[in-house]
Each structure stands twice: as C-alpha cells, then as structure tokens.
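Chemist: From the sequence below, what's the structure:
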Amino acid sequence: MSDFSIVTATFNAGGSIRRCLQSVQKNRLAETEHLVIDNQSSDDTLEKVRAFGNVRVISEKDNGIYEAMNKGIRSAGNELTACLNADDAYLPGTLEAVKERFESVPESDIVYGNILVNGREVKPPGGIASFGGARIFHPAAFIRRSLFERIGYFDESFRICADLDFFLRAKESGAVFTYLDRPLTDFALGGLSTVRRKQTAAELRHILIRHGYPHLFAYSYYCAMRLRAKISQFSACFRKGAS
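Modeler: As a prediction, this is how the structure comes out:
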C-alpha cells in the first residue's frame, strides 16, 4: 500500500500555516510527503514552511486554489492524495486510520470521514442534501491519484465548489467511496462574505444542473443558500448594532 501525498495551497498564510504543518508532521508515516503550493506569498509563509523538514515547496503564480491543488496532485509521488487547507489540521492518528481503511477495503477510491468545527464533530449530510453521497468534506477526504488520472482533476473554471463537481464526477464514474466514521480534520470555520456566499450559491446551482439535477431543484437550493446568506448578514448587523 502506497503512502500519502498531502497537498496544501497557500497564499499569505503565515498566521495559520504552522498548525497545519505540525499536524502533518505528527501524523507522518514512513514515506508521507507534504507539498506546499504557494501563490508567491508576500508574508512569512515560506519562511515558516521551510523551517519544517520534509516539505516540498513549489512557489509560483497560480490562478486560484484549484489550480494549486491540481499542481500538487500532479506532482505527488504517492498513490494516496489529500488536500489540507492551510488553516486546517489533521487530528492525531488520522493518516494511520485512513491507511488501514484503504488496506481493509482495497477497492476504495476515496476514503472520507468527519470534521471538527469549533470542537463539535460534524458528519457529511445525508438524504437529499448529500447529492447521492457526493457531498463530503474535502479536507477529510483521501483520494487515489489514479482516480484523478481516470476521471480528470478539479475543474479550474470553478473558484469555490470544484471539489463538489469532482466528487459528483467520481460518483458518476462508479468510484468506490468508503466512509470512516470518525473525525479526521479540525476545520477552521472562516466567515464568508456576502459576496462569497452569493458566488458559492451560483456555482452550486451551475454544478447541480451540469450533473443532471432538475433546474427547479437546483434553483430551490440556490434560493435556500441565498436566504441563509441574507439571514447571516442580518444577524451580523444585529449583533454589531447591539454591541
């Protein structure tokens, strides 16, 4: 069984990258490699990355996070790949547990699990919201490089939701998803701006229609996301006014 190639895309991540790097170091198996794909950061990101041993660095201009992730996956030296955000961290024992699951279910193309958000364990959604089981958390997903070679990489025309598009393509191709019911990644929940929420909703609608979901379903989901964005915006304004 091959070891892991972990890909982290960075841009001015000096304030958060250390936790990410430390978590990979503590999980490292015999031949685990960590690739940092940096978009020419102007802060101390690269200085902090290079202070760690066993990290491969590619620092050059890229056109968004998915181009960086694709670049890292194509450069990976191992069969098992994962993309860990610069402000996220693997929990202790994650890589060992995932490798054991690949070994016990060798037909697996993707092994995925749960995340921690503010200390609370969150599982992938079920039912209709799971989009047929394709709606999983990419920071807690481990993917065979051969699957990317078979169905293609992340679609770089998407800026926010290319991981969902990839997982839907994987499902449609017959890829084997194997669930590991434990938290694998401590996910840093950043605040999305209203503009970003609108972009996410629009991309999600586009992806669902691309993959054969009825226009009415896609539009309803889009409207629900826009409504949540409005509620979040109102709540933020209310809290600001109350303070």
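
Chemist: Show me the longest strand that occurs in the chain.
Modeler: If you go by DSSP state E, the chain has its longest strand at strand 177-187.

Chemist: send the alpha carbons of that strand over as CSV?
Modeler: The C-alpha coordinates for strand 177-187 follow below in CSV (Å, rounded to 0.1, in the frame of the first residue of the first chain):
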residue,chain,number,x,y,z
PHE,A,177,-16.5,5.9,-1.6
THR,A,178,-15.7,4.4,1.8
TYR,A,179,-16.8,6.1,4.9
LEU,A,180,-14.7,6.2,8.1
ASP,A,181,-17.0,7.3,10.9
ARG,A,182,-14.5,9.4,13.0
PRO,A,183,-13.3,13.0,13.0
LEU,A,184,-10.2,13.3,10.8
THR,A,185,-9.7,17.0,10.4
ASP,A,186,-10.0,20.1,12.6
PHE,A,187,-11.7,22.5,10.2
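
Chemist: Quick check: end-to-end length of stretch 27-43?
Modeler: Start-to-end span of stretch 27-43 (CA to CA, to the nearest Å) is 27 Å.

Chemist: Can you list the low-confidence ranges for the protein?
Modeler: By pLDDT under 70, the low-scoring segments of the chain are 1, 190-195, 214-243.

Chemist: how's it carved up into domains?
Modeler: Residue ranges for the domains of the chain, per automatic domain parsing: 4-187, 194-242.

Chemist: okay, these in CSV with mean neighbour count next?
Modeler: In short, each C-beta sits where N, CA and C put it, glycine included. Formatted as CSV, those follow (neighbours: other CB atoms under 10 Å):
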stretch, mean neighbour count
domain 4-187, 18
domain 194-242, 14
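
Chemist: Quick check: the gap between the closest residue to Glu79 other than its chain neighbours and Phe142.
Modeler: The shortest distance from Glu79 to any non-neighbouring residue, by CB to CB, 6 or more residues apart in numbering, is to Ser2 (3.5 Å). Per CB to CB, to the nearest Å, Ser2 is found 11 Å from Phe142.

Chemist: Remind me what the host helix or strand of Glu47 packs against, helices and strands.
Modeler: Using DSSP states H and E, Glu47 sits within helix 45-50. Contact here means 3 or more CB pairs under 8 Å, 6 or more residues apart in numbering; DSSP states H and E; on that basis helix 45-50 packs against helix 17-27, strand 33-38, strand 55-59.

Chemist: Not counting its own residues, what contacts that helix?
Modeler: The list of residues contacting helix 45-50 from outside it, by CB atoms under 8 Å, 6 or more residues apart in numbering, reads 10-14, 17-18, 21, 36, 38, 55, 57, 59.

Chemist: CA atoms only for that helix, dumped as PDB, please.
Modeler: The C-alpha trace of helix 45-50 is given here as PDB (Å, rounded to 0.1, in the frame of the first residue of the first chain):
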ATOM      1  CA  THR A  45       4.600  31.900   4.900                       C
ATOM      2  CA  LEU A  46       7.500  30.400   3.000                       C
ATOM      3  CA  GLU A  47       9.900  31.100   5.900                       C
ATOM      4  CA  LYS A  48       7.700  29.200   8.200                       C
ATOM      5  CA  VAL A  49       7.200  26.300   5.800                       C
ATOM      6  CA  ARG A  50      10.900  25.900   5.100                       C
END
